[in-house]
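1. using only what follows, build the 3D model:
(one chain, ligands or ions: 1)
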Amino acid sequence: MSDDRDRYFCTVQTPAFVVDERRIEDNLDVLTAIKARTGCRILIALKAFAMRSTFAGIARALDGCCATTPDEAHHGRLHLGGEVHAGAAAFSDTDMDQLIEDCDHIVFNSFSLWQRHRNRIAAASRSISCGIRINPGRSLGKTPIYDPSRPGSRLGVSRPHFRPDLLDGIDGLHFHVLCQQDAADLQRVLRVFEEHFGEFLHRMHWVNFGGGHYMTRPDYDRDRLCGLIKGFADRHAHLRIYLEPGEAVVLDAGFLVASVLDIIPGESMPIAILDTSATCHMPDVLEMPYRPDVVGAGTIGARGHDYELGGLTCLAADVIGRYSFDSRLRVGQRVVFSDMAQYSMVKTNTFNGVRLPSIYRIDRAGKLHLERSFCYEDFAGRLA
Ligand SMILES: Cc1ncc(COP(=O)(O)O)c(C=O)c1O
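-> Numbers count the residues shown, from 1 in each chain. Got it, this is the predicted structure:
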(Lines give C-alpha, C1' and ligand atoms only; values in the text may rest on other atoms or scores of the structure.)
Protein backbone atom coordinates (compact mmCIF):
# COMPACT_ATOMS: atom_id res chain seq x y z
CA MET A 1 0.00 0.00 0.00
CA SER A 2 2.77 2.45 0.91
CA ASP A 3 4.63 1.71 -2.38
CA ASP A 4 2.09 3.48 -4.55
CA ARG A 5 1.93 6.32 -2.03
CA ASP A 6 5.72 6.76 -2.14
CA ARG A 7 5.51 6.87 -5.92
CA TYR A 8 2.82 9.54 -5.76
CA PHE A 9 4.97 11.62 -3.42
CA CYS A 10 7.50 11.89 -6.27
CA THR A 11 4.96 12.91 -8.90
CA VAL A 12 2.55 15.40 -7.25
CA GLN A 13 3.05 19.10 -7.87
CA THR A 14 4.39 20.59 -4.65
CA PRO A 15 3.51 21.83 -2.18
CA ALA A 16 0.64 19.39 -1.86
CA PHE A 17 -1.57 17.77 0.70
CA VAL A 18 -2.05 14.09 -0.10
CA VAL A 19 -4.86 12.45 1.85
CA ASP A 20 -5.05 8.67 1.80
CA GLU A 21 -8.64 7.50 2.12
CA ARG A 22 -7.49 3.99 2.96
CA ARG A 23 -6.07 5.29 6.21
CA ILE A 24 -9.28 7.20 6.94
CA GLU A 25 -11.16 3.93 6.36
CA ASP A 26 -8.92 2.20 8.92
CA ASN A 27 -9.78 4.89 11.45
CA LEU A 28 -13.47 4.66 10.60
CA ASP A 29 -13.39 0.90 11.22
CA VAL A 30 -12.12 1.60 14.73
CA LEU A 31 -14.82 4.22 15.33
CA THR A 32 -17.53 1.97 13.90
CA ALA A 33 -16.50 -0.77 16.34
CA ILE A 34 -16.70 1.69 19.27
CA LYS A 35 -20.17 2.74 18.17
CA ALA A 36 -21.27 -0.89 17.89
CA ARG A 37 -19.90 -1.79 21.32
CA THR A 38 -21.35 1.21 23.16
CA GLY A 39 -24.34 2.54 21.23
CA CYS A 40 -22.86 6.05 21.22
CA ARG A 41 -23.06 8.36 18.23
CA ILE A 42 -19.91 9.81 16.70
CA LEU A 43 -19.69 13.09 14.78
CA ILE A 44 -16.66 14.40 12.92
CA ALA A 45 -15.46 17.81 14.12
CA LEU A 46 -15.20 19.79 10.88
CA LYS A 47 -12.82 22.27 12.50
CA ALA A 48 -10.15 19.55 12.22
CA PHE A 49 -10.88 18.25 8.74
CA ALA A 50 -13.44 19.34 6.17
CA MET A 51 -12.23 17.86 2.86
CA ARG A 52 -15.51 17.12 1.13
CA SER A 53 -14.10 14.71 -1.48
CA THR A 54 -13.49 12.23 1.37
CA PHE A 55 -16.92 12.64 2.94
CA ALA A 56 -18.70 9.66 1.36
CA GLY A 57 -16.90 7.09 3.53
CA ILE A 58 -17.13 9.28 6.62
CA ALA A 59 -20.87 9.73 6.09
CA ARG A 60 -21.36 5.97 5.86
CA ALA A 61 -19.54 5.31 9.14
CA LEU A 62 -20.36 8.30 11.36
CA ASP A 63 -23.55 10.04 12.40
CA GLY A 64 -22.86 13.55 11.16
CA CYS A 65 -20.66 16.47 12.08
CA CYS A 66 -20.12 19.21 14.58
CA ALA A 67 -19.45 22.73 13.37
CA THR A 68 -18.30 25.96 14.97
CA THR A 69 -19.71 28.52 12.57
CA PRO A 70 -22.66 28.78 10.18
CA ASP A 71 -20.32 28.21 7.23
CA GLU A 72 -18.99 24.98 8.67
CA ALA A 73 -22.51 23.87 9.53
CA HIS A 74 -23.65 24.64 5.98
CA HIS A 75 -20.66 22.70 4.60
CA GLY A 76 -21.67 19.71 6.73
CA ARG A 77 -25.31 19.93 5.68
CA LEU A 78 -24.42 20.25 1.97
CA HIS A 79 -21.67 17.68 1.66
CA LEU A 80 -21.79 15.24 4.58
CA GLY A 81 -25.38 14.89 5.73
CA GLY A 82 -26.47 13.17 8.92
CA GLU A 83 -26.84 15.22 12.08
CA VAL A 84 -25.39 18.72 12.09
CA HIS A 85 -24.44 20.13 15.50
CA ALA A 86 -23.01 23.59 16.14
CA GLY A 87 -21.31 25.14 19.12
CA ALA A 88 -19.10 28.20 19.51
CA ALA A 89 -18.04 30.77 22.09
CA ALA A 90 -20.83 33.03 20.74
CA PHE A 91 -23.26 33.44 17.83
CA SER A 92 -24.58 36.67 16.33
CA ASP A 93 -28.23 37.08 15.30
CA THR A 94 -27.17 36.62 11.67
CA ASP A 95 -25.28 33.44 12.58
CA MET A 96 -28.37 32.13 14.28
CA ASP A 97 -30.57 32.75 11.21
CA GLN A 98 -28.26 30.55 9.13
CA LEU A 99 -27.66 27.93 11.84
CA ILE A 100 -31.39 27.43 12.18
CA GLU A 101 -31.50 26.42 8.51
CA ASP A 102 -28.75 23.79 8.83
CA CYS A 103 -28.49 22.49 12.40
CA ASP A 104 -30.14 19.75 14.41
CA HIS A 105 -28.36 20.65 17.65
CA ILE A 106 -27.09 24.05 18.79
CA VAL A 107 -24.89 24.27 21.88
CA PHE A 108 -24.64 27.57 23.75
CA ASN A 109 -21.57 28.67 25.62
CA SER A 110 -23.52 30.69 28.20
CA PHE A 111 -26.98 31.10 29.62
CA SER A 112 -27.06 34.71 28.41
CA LEU A 113 -26.51 33.56 24.82
CA TRP A 114 -29.20 30.91 25.23
CA GLN A 115 -31.62 33.51 26.56
CA ARG A 116 -30.84 35.86 23.68
CA HIS A 117 -31.53 33.29 20.98
CA ARG A 118 -34.12 30.96 22.44
CA ASN A 119 -37.17 32.71 20.95
CA ARG A 120 -35.63 32.64 17.49
CA ILE A 121 -35.12 28.90 17.84
CA ALA A 122 -38.61 28.34 19.20
CA ALA A 123 -40.03 30.19 16.19
CA ALA A 124 -37.99 28.15 13.67
CA SER A 125 -39.84 25.92 11.23
CA ARG A 126 -37.59 22.95 12.09
CA SER A 127 -37.04 21.40 15.46
CA ILE A 128 -33.64 22.13 16.99
CA SER A 129 -32.32 20.51 20.11
CA CYS A 130 -30.45 22.98 22.33
CA GLY A 131 -27.67 22.36 24.79
CA ILE A 132 -25.35 24.20 27.15
CA ARG A 133 -21.60 23.75 27.06
CA ILE A 134 -20.37 23.28 30.57
CA ASN A 135 -16.85 23.51 31.91
CA PRO A 136 -16.20 20.75 34.43
CA GLY A 137 -13.39 22.84 35.87
CA ARG A 138 -10.83 20.08 35.80
CA SER A 139 -7.79 21.01 33.77
CA LEU A 140 -6.12 17.98 32.22
CA GLY A 141 -4.68 19.51 29.08
CA LYS A 142 -0.99 19.22 28.41
CA THR A 143 -0.91 22.18 25.99
CA PRO A 144 -2.32 25.40 27.48
CA ILE A 145 -3.50 26.86 24.15
CA TYR A 146 -5.61 23.73 23.61
CA ASP A 147 -6.87 23.38 27.16
CA PRO A 148 -10.49 24.60 27.38
CA SER A 149 -10.47 23.99 31.13
CA ARG A 150 -7.43 26.11 31.84
CA PRO A 151 -7.92 28.63 34.63
CA GLY A 152 -10.01 31.59 33.49
CA SER A 153 -11.23 29.78 30.36
CA ARG A 154 -14.03 31.46 28.38
CA LEU A 155 -15.26 28.08 27.13
CA GLY A 156 -18.20 26.51 28.92
CA VAL A 157 -20.29 27.37 31.96
CA SER A 158 -18.64 26.49 35.24
CA ARG A 159 -20.69 25.09 38.10
CA PRO A 160 -20.88 28.40 40.07
CA HIS A 161 -22.37 30.11 36.99
CA PHE A 162 -24.71 27.29 36.04
CA ARG A 163 -28.38 28.41 36.04
CA PRO A 164 -30.77 25.54 36.77
CA ASP A 165 -33.58 28.11 36.64
CA LEU A 166 -32.88 28.68 32.92
CA LEU A 167 -32.83 25.04 31.83
CA ASP A 168 -36.31 25.06 30.41
CA GLY A 169 -35.87 24.18 26.69
CA ILE A 170 -32.37 22.77 27.19
CA ASP A 171 -32.06 19.10 26.10
CA GLY A 172 -28.40 18.40 26.55
CA LEU A 173 -25.09 19.15 28.19
CA HIS A 174 -21.83 19.34 26.26
CA PHE A 175 -18.27 19.33 27.47
CA HIS A 176 -15.02 19.44 25.55
CA VAL A 177 -11.88 19.39 27.66
CA LEU A 178 -9.48 16.90 26.11
CA CYS A 179 -6.80 17.18 23.44
CA GLN A 180 -4.93 14.09 22.22
CA GLN A 181 -5.79 12.32 25.47
CA ASP A 182 -6.38 8.78 26.63
CA ALA A 183 -9.44 7.16 28.18
CA ALA A 184 -7.98 7.56 31.68
CA ASP A 185 -8.35 11.34 31.28
CA LEU A 186 -11.91 10.97 30.07
CA GLN A 187 -12.57 8.90 33.20
CA ARG A 188 -11.31 11.80 35.37
CA VAL A 189 -13.45 14.28 33.48
CA LEU A 190 -16.56 12.12 33.70
CA ARG A 191 -16.10 11.78 37.45
CA VAL A 192 -16.02 15.55 37.94
CA PHE A 193 -18.79 16.10 35.39
CA GLU A 194 -21.16 13.75 37.17
CA GLU A 195 -20.16 15.11 40.57
CA HIS A 196 -20.95 18.71 39.58
CA PHE A 197 -23.65 18.36 36.96
CA GLY A 198 -25.10 14.89 37.58
CA GLU A 199 -28.13 16.31 39.37
CA PHE A 200 -29.33 17.90 36.11
CA LEU A 201 -28.97 14.86 33.90
CA HIS A 202 -32.46 13.51 34.54
CA ARG A 203 -33.78 16.61 32.74
CA MET A 204 -31.62 16.01 29.64
CA HIS A 205 -31.95 13.89 26.50
CA TRP A 206 -28.30 13.80 25.50
CA VAL A 207 -24.77 14.44 26.66
CA ASN A 208 -21.88 15.28 24.34
CA PHE A 209 -18.40 14.21 25.51
CA GLY A 210 -16.68 16.54 22.98
CA GLY A 211 -13.47 15.68 21.14
CA GLY A 212 -9.83 15.18 22.02
CA HIS A 213 -10.17 11.39 22.40
CA TYR A 214 -7.10 9.87 20.77
CA MET A 215 -9.08 6.72 20.11
CA THR A 216 -7.63 5.59 16.79
CA ARG A 217 -4.08 5.49 18.09
CA PRO A 218 -2.92 1.90 18.41
CA ASP A 219 -2.03 2.36 22.10
CA TYR A 220 -5.31 4.05 23.08
CA ASP A 221 -7.20 2.07 25.71
CA ARG A 222 -10.40 1.45 23.76
CA ASP A 223 -11.68 -1.17 26.17
CA ARG A 224 -11.58 1.42 28.91
CA LEU A 225 -13.32 3.98 26.68
CA CYS A 226 -16.11 1.52 25.85
CA GLY A 227 -16.44 0.58 29.52
CA LEU A 228 -16.75 4.25 30.46
CA ILE A 229 -19.39 4.97 27.85
CA LYS A 230 -21.38 1.86 28.74
CA GLY A 231 -21.10 2.59 32.46
CA PHE A 232 -22.34 6.14 31.91
CA ALA A 233 -25.16 4.84 29.70
CA ASP A 234 -26.16 2.35 32.40
CA ARG A 235 -26.31 5.07 35.04
CA HIS A 236 -28.27 7.39 32.73
CA ALA A 237 -30.19 5.06 30.47
CA HIS A 238 -32.37 7.81 29.02
CA LEU A 239 -29.42 9.76 27.59
CA ARG A 240 -28.00 9.59 24.07
CA ILE A 241 -24.23 9.91 24.14
CA TYR A 242 -22.24 11.77 21.49
CA LEU A 243 -18.51 11.99 20.86
CA GLU A 244 -17.17 14.54 18.39
CA PRO A 245 -13.56 13.74 17.53
CA GLY A 246 -11.70 15.52 14.78
CA GLU A 247 -8.13 14.33 14.86
CA ALA A 248 -8.99 10.68 15.56
CA VAL A 249 -11.00 10.43 12.34
CA VAL A 250 -8.07 11.30 10.10
CA LEU A 251 -5.10 10.41 12.25
CA ASP A 252 -2.09 9.52 10.09
CA ALA A 253 -4.10 9.88 6.90
CA GLY A 254 -2.54 13.06 5.47
CA PHE A 255 0.85 14.10 4.14
CA LEU A 256 2.26 17.45 3.13
CA VAL A 257 4.71 17.00 0.29
CA ALA A 258 7.22 19.79 -0.26
CA SER A 259 10.30 20.35 -2.43
CA VAL A 260 13.67 21.76 -1.44
CA LEU A 261 14.17 25.17 -3.09
CA ASP A 262 17.58 26.07 -1.70
CA ILE A 263 20.16 25.01 0.84
CA ILE A 264 22.01 27.73 2.72
CA PRO A 265 24.62 27.57 5.47
CA GLY A 266 23.20 27.88 8.99
CA GLU A 267 24.96 28.52 12.27
CA SER A 268 25.07 24.93 13.46
CA MET A 269 23.78 23.04 10.40
CA PRO A 270 22.68 23.76 6.82
CA ILE A 271 19.18 25.12 6.32
CA ALA A 272 16.96 23.71 3.58
CA ILE A 273 14.35 26.21 2.40
CA LEU A 274 11.21 24.44 1.22
CA ASP A 275 8.35 25.49 -1.05
CA THR A 276 6.03 25.20 1.95
CA SER A 277 5.79 27.21 5.16
CA ALA A 278 5.02 26.52 8.78
CA THR A 279 3.08 29.73 9.18
CA CYS A 280 1.04 29.30 5.96
CA HIS A 281 0.56 25.56 5.59
CA MET A 282 0.98 24.02 9.02
CA PRO A 283 0.42 26.83 11.54
CA ASP A 284 0.02 24.40 14.46
CA VAL A 285 3.76 23.77 14.19
CA LEU A 286 4.23 27.33 15.46
CA GLU A 287 1.10 27.70 17.56
CA MET A 288 1.29 24.53 19.59
CA PRO A 289 4.32 24.32 18.95
CA TYR A 290 5.40 20.88 17.72
CA ARG A 291 7.82 19.26 15.30
CA PRO A 292 6.04 17.21 12.62
CA ASP A 293 7.55 13.91 11.55
CA VAL A 294 9.23 13.70 8.17
CA VAL A 295 9.10 10.41 6.28
CA GLY A 296 12.58 8.83 6.29
CA ALA A 297 14.13 11.35 8.70
CA GLY A 298 15.03 11.20 12.37
CA THR A 299 16.09 13.43 15.20
CA ILE A 300 19.31 15.34 14.68
CA GLY A 301 22.45 13.31 15.04
CA ALA A 302 20.58 10.10 14.28
CA ARG A 303 21.33 9.67 10.58
CA GLY A 304 24.43 11.52 9.53
CA HIS A 305 23.11 14.55 7.60
CA ASP A 306 21.40 17.15 9.75
CA TYR A 307 19.31 20.03 8.38
CA GLU A 308 17.01 22.69 9.65
CA LEU A 309 13.90 22.83 7.46
CA GLY A 310 12.56 26.33 6.89
CA GLY A 311 9.62 27.90 5.10
CA LEU A 312 9.80 30.39 2.26
CA THR A 313 8.04 33.35 3.92
CA CYS A 314 9.57 36.51 5.41
CA LEU A 315 8.71 35.40 8.95
CA ALA A 316 11.93 34.89 10.92
CA ALA A 317 10.31 32.09 12.90
CA ASP A 318 9.06 30.21 9.83
CA VAL A 319 11.07 27.18 10.86
CA ILE A 320 9.59 23.69 10.82
CA GLY A 321 12.25 21.86 12.77
CA ARG A 322 15.58 20.08 12.70
CA TYR A 323 15.96 16.66 11.16
CA SER A 324 18.55 14.09 10.26
CA PHE A 325 18.61 12.38 6.85
CA ASP A 326 20.54 9.37 5.53
CA SER A 327 22.02 11.36 2.66
CA ARG A 328 22.59 14.97 1.68
CA LEU A 329 19.49 16.92 0.62
CA ARG A 330 19.54 18.40 -2.86
CA VAL A 331 17.53 21.12 -4.54
CA GLY A 332 14.34 19.67 -6.01
CA GLN A 333 14.22 16.76 -3.57
CA ARG A 334 10.89 15.90 -1.99
CA VAL A 335 10.39 16.22 1.78
CA VAL A 336 7.22 14.58 3.11
CA PHE A 337 5.62 15.60 6.42
CA SER A 338 3.31 12.97 7.89
CA ASP A 339 0.10 13.13 9.96
CA MET A 340 -0.93 16.35 8.23
CA ALA A 341 -4.65 15.84 7.60
CA GLN A 342 -5.99 17.42 10.79
CA TYR A 343 -5.77 21.12 11.63
CA SER A 344 -3.61 21.82 8.57
CA MET A 345 -5.71 22.18 5.41
CA VAL A 346 -8.45 23.96 7.41
CA LYS A 347 -5.93 26.45 8.82
CA THR A 348 -3.88 27.34 5.74
CA ASN A 349 -3.54 30.96 4.66
CA THR A 350 -1.88 32.93 1.87
CA PHE A 351 0.38 35.19 3.95
CA ASN A 352 3.06 36.71 1.67
CA GLY A 353 0.95 35.47 -1.25
CA VAL A 354 2.29 31.98 -0.68
CA ARG A 355 0.12 29.69 -2.74
CA LEU A 356 -1.99 27.11 -0.93
CA PRO A 357 -0.88 23.49 -1.33
CA SER A 358 -2.66 21.50 -4.03
CA ILE A 359 -5.00 18.86 -2.64
CA TYR A 360 -4.73 15.25 -3.74
CA ARG A 361 -6.74 12.25 -2.64
CA ILE A 362 -5.72 8.60 -2.83
CA ASP A 363 -8.96 6.65 -3.17
CA ARG A 364 -9.79 3.30 -1.65
CA ALA A 365 -8.49 1.52 -4.73
CA GLY A 366 -5.13 3.29 -4.41
CA LYS A 367 -5.68 5.71 -7.30
CA LEU A 368 -4.43 9.29 -7.03
CA HIS A 369 -6.78 12.21 -7.78
CA LEU A 370 -5.85 15.88 -7.99
CA GLU A 371 -8.86 17.46 -6.26
CA ARG A 372 -7.78 21.07 -6.32
CA SER A 373 -4.89 23.32 -7.22
CA PHE A 374 -4.70 27.03 -6.49
CA CYS A 375 -3.78 30.14 -8.43
CA TYR A 376 -3.44 33.91 -8.15
CA GLU A 377 -7.24 34.36 -8.02
CA ASP A 378 -7.43 32.38 -4.77
CA PHE A 379 -5.05 34.87 -3.16
CA ALA A 380 -6.70 37.94 -4.68
CA GLY A 381 -10.22 36.62 -4.09
CA ARG A 382 -9.79 36.93 -0.34
CA LEU A 383 -8.82 40.58 -0.59
CA ALA A 384 -10.61 43.66 -1.87
C1 LIG B 1 -15.93 21.79 20.88
C2 LIG B 1 -14.95 20.89 20.19
N3 LIG B 1 -15.35 19.66 19.82
C4 LIG B 1 -14.51 18.80 19.20
C5 LIG B 1 -13.20 19.16 18.92
C6 LIG B 1 -12.31 18.17 18.20
O7 LIG B 1 -11.19 17.87 18.95
P8 LIG B 1 -10.11 16.80 18.41
O9 LIG B 1 -9.78 17.15 17.02
O10 LIG B 1 -8.95 17.01 19.33
O11 LIG B 1 -10.72 15.46 18.55
C12 LIG B 1 -12.74 20.43 19.31
C13 LIG B 1 -11.35 20.85 19.06
O14 LIG B 1 -10.90 21.90 19.37
C15 LIG B 1 -13.65 21.33 19.95
O16 LIG B 1 -13.27 22.56 20.32
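2. tell me the pLDDT of the residue in the stretch 251-384 of the chain positioned nearest to the ligand.
-> Per CB to the nearest ligand atom, Gln342 is where the stretch 251-384 of the chain lies closest to the ligand, at 6.1 Å. Backbone N, C-alpha and C define where each C-beta goes, glycine included. Note for Gln342: predicted pLDDT of 97.
3. which residues touch it?
-> Applying CB atoms under 8 Å, 6 or more residues apart in numbering, we find Gln342 in contact with 48-49, 246-247, 249-251, 254.
4. measure it to Arg191 for me?
-> Applying CB to CB, to the nearest Å, the value for Gln342 to Arg191 is 28 Å.
5. same question for Arg60.
-> For Arg60, the distance to Arg191 (CB to CB) stands at 34 Å.
6. how about the helix or strand containing Cys226: buried residues?
-> If you go by DSSP states H and E, Cys226 is part of helix 222-235. Neighbour counts over helix 222-235 (16 or more other CB atoms under 10 Å) mark 222, 225-226, 228-229, 232-233 as buried.
7. report the central residue of this protein.
-> For the chain, the residue nearest the mean C-alpha position is Ala48 (2.2 Å; CA atoms, centre = their mean).
8. next up, identify which helix or strand Tyr360 is on.
-> Element membership for Tyr360 (DSSP H and E) is strand 358-362.
9. past that strand, which element shows up next along the chain?
-> Note on strand 358-362: by DSSP H and E, the next helix or strand toward the C-terminus is strand 368-372.
10. give me the contacts around that following strand.
-> By CB under 8 Å, 6+ apart, strand 368-372 touches 4, 8, 11-12, 18, 51, 53, 358-363.
11. recalculate using a threshold of 6 Å.
-> Identification of contacts with strand 368-372 by CB atoms under 6 Å, 6 or more residues apart in numbering yields 8, 53, 359-362.
12. ditto for stretch 55-62
-> 25, 28, 32, 42, 44, 79-81.
13. wait, which of these is closest to His205?
-> Proximity of these to His205, judged by CB to CB, is greatest for Ile42, which lies at 17.5 Å.
14. write out the residues of the stretch 101-250 of the chain neighbouring the ligand.
-> Neighbours of the ligand within the stretch 101-250 of the chain, by CB under 6 Å from any ligand atom: 176, 179, 210-212, 244-248.
15. rerun at 8 Å
-> Residues of the stretch 101-250 of the chain lying close to the ligand (CB under 8 Å from any ligand atom) are 107, 133, 146, 148, 155, 174, 176, 178-180, 210-214, 244-249.
16. from those residues, which land in strands?
-> Among those, the residues falling in strands (DSSP state E) are 107, 133, 174.
17. show me what whatever residue of the stretch 1-150 of the chain ends up closest to the ligand is bridged to.
-> Closest to the ligand within the stretch 1-150 of the chain is Ala45: 3.6 Å, counting by CB to the nearest ligand atom. Judged by DSSP bridges, the bridge partners of Ala45 are Cys66.
18. which residues does the residue in the stretch 51-200 of the chain that the ligand sits nearest to contact?
-> Ranked by CB to the nearest ligand atom, the top residue of the stretch 51-200 of the chain for proximity to the ligand is His176, at 3.7 Å. If you count contacts by CB under 6 Å, 6+ apart, His176 has them with 148, 210-211.
19. show the end-to-end separation of stretch 274-281, please.
-> End-to-end span of stretch 274-281 (CA to CA, to the nearest Å): 12 Å.
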